[in-house]
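1. model the structure of this input:
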Amino acid sequence: MKILVLILSSVLVLYAQELDFFDEEVSEAIFTTKERTFTSRLKMQYENEMENNSENKTAIFYQNFHHDNFFIDYDVSSDFKAIKLNVKELYRRIDLASDHFLEMGRINIREGVARGYNATDYFKGGGLIFDSLIPSERRENRLGTLLVQSTLFLDRTTLKMLYAPRISVKKNKIWSDKEKVGLLLDTTNYKDRASLYMDLKLYDGLSSSWILHHNEEGLNVGLNLSFAVDNWIFYNECNLKHAQKSISKSIEALRLSEAVKKVFDAEQNYIYQGSLGLSYTSDNNIVSTIEYIINSGGMDKLSWNRYFELQDNKAFKNQLLAIRKHHQVNEEQISQETLFTQININALKPGVDMHLLAFINPQDTSALGQIEMQYSAQKDLIISLSARRMFGQGESEYGSFGRALTMVAKFEYYF
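-> So this is what the prediction gives:
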């Protein structure tokens, strides 16, 4: 069955090459067939709870086959229904003039200047191909949104307008089927959205992006600023909207019980989301980043206290965990304040890179930390090992997950 699916995907790729999407004179398609990646991940979790010194060891093994724009995922612990074939990006570019072009199709729109949390990345959420704690990987590894986009270049300004329609869920239809070979357009196009961007270079080293984004909930106003001085980059990204708090939106989206809904404020207010950061690149190509993230619509200390009080009720516990998962999938900050730090050490030794990152909740002093080592054994083989741990009290954002050490080994081969 696996072999049949792989053969089928190859046939689809070869067939797509014959389409008009690949007219090099008037179009561009992010839809390559030259590389394939075979990835094996061995995930081992070792959990040592300090309260009772108990040990619990579990191992999960799964394989997946993917490349930049097709992704087939198969979990050997389940049946063959877990196999999926997704088109990550496929679009056509039409040059209307030397300084004006139009793009139509499925595009992964990634906006914002921040490193840890992008408040003006309006097309995130629900389209992750495979999950990762590293924010940059989360932005790259997600399904594109079906849209039409117009881009116009002026002297010191770039204007962009785009529209993404809402796609309704239809069972057993290729554009929304989640069980087989669906495009999952209803996941990425879950609402009508339109955006207007003006990228303005104020002067050398200082760039800005002014954004108006409208969806079914209302209007978002966004601003991105970045200022480069030598090896330093200062940046700010912010968004203002009139909406419910993020946890109330999650409760409604998940259709949770009225008892849970009554505990959290569902009124609409002006919500501010933003990231303020500083990044430094050393002469040895070590990139260090520190970023303060604020989400006025997130959970404050009082909301967290209510959250954990409800967890004593077993009927609510799974619903509360679903709220967290909903925020994670939609790439939304659940807390009002978060501190993000990351260090990328490139070429630690020939072919060896190291990545360290941490998310800290300053309200309850809990944290999540991860270290990853990556080794390019050959031109086509990448081996990586990562370790992750939670810190904090039992009733804190990260500490409530348990003080567990999780290790993941990943092997990627390109052919």
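2. residue 198 - that's part of a strand, no?
-> Yes. With DSSP: H, G, I helix; E, B strand; the rest coil as the criterion, residue 198 is located in a strand.
3. isn't it right up against residue 207?
-> No. Counting by Cβ atoms under 8 Å, residue 198 stays clear of residue 207, with 11.5 Å between them. Where C-beta positions appear, they are placed from N, C-alpha and C, glycine not excepted.
4. so for the two, which sits in the more crowded spot?
-> residue 207 (18 against 14; other Cβ atoms under 10 Å).
5. distance check, that one against residue 281.
-> 17 Å (Cβ to Cβ, to the nearest Å).
6. got any ranges where the stretch 301-415 of the chain has weak pLDDT?
-> Across the stretch 301-415 of the chain, the ranges flagged by pLDDT under 70 are 315, 379, 414-415.
7. 80 instead, please
-> Residues of the stretch 301-415 of the chain meeting the criterion pLDDT under 80: 310-320, 329, 347-350, 377-380, 401-404, 410-415.
8. can you pull out the helices in this structure?
-> Counting by DSSP state H, the chain has helices at residues 2-16, 135-140, 185-188, 246-254, 258-263, 301-310, 314-329.
9. looking at the ones you listed, which is nearest to residue 290?
-> Of all the helices of the chain, helix 135-140 sits nearest to residue 290, with 13.7 Å by Cβ to Cβ.
10. what mean pLDDT does that closest one get?
-> Computed over helix 135-140, the mean pLDDT rounds to 85.
11. what sits up against it?
-> For helix 135-140, the external contacting residues (Cβ atoms under 8 Å, 6 or more residues apart in numbering) are 108, 110, 115-118, 121, 124, 128, 131-132, 331, 340.
12. can you flag the buried ones in those?
-> By neighbour count, with 16 or more other Cβ atoms under 10 Å, those hold 108, 115, 116, 117, 118, 121, 124, 128, 132, 331, 340 as buried.
13. contacting residues for the first one?
-> With contacts taken as Cβ under 8 Å, 6+ apart, residue 108 has the following neighbours: 88, 89, 123, 127, 139, 140, 142, 143, 144, 145.
14. from those residues, which is closest to residue 266?
-> residue 123 (25.3 Å).
15. what number of residues lie near residue 311?
-> Residue 311 - counted by other Cβ under 10 Å - has 15 other residues nearby.
16. which one of the buried ones among the contacts of helix 135-140 is nearest residue 377?
-> Among the buried ones among the contacts of helix 135-140, and counting by Cβ to Cβ, the member closest to residue 377 is residue 132, at 21.2 Å.
17. from residue 244, how far out is the closest residue in space to the closest one that isn't next to it in sequence?
-> Nearest non-adjacent residue to residue 132, counting by Cβ to Cβ, 6 or more residues apart in numbering: residue 138, 5.5 Å away. Distance of residue 138 to residue 244, given as Cβ to Cβ: 24 Å.
18. same check on residue 413?
-> From residue 413 to residue 244 the distance is 46 Å (Cβ to Cβ).
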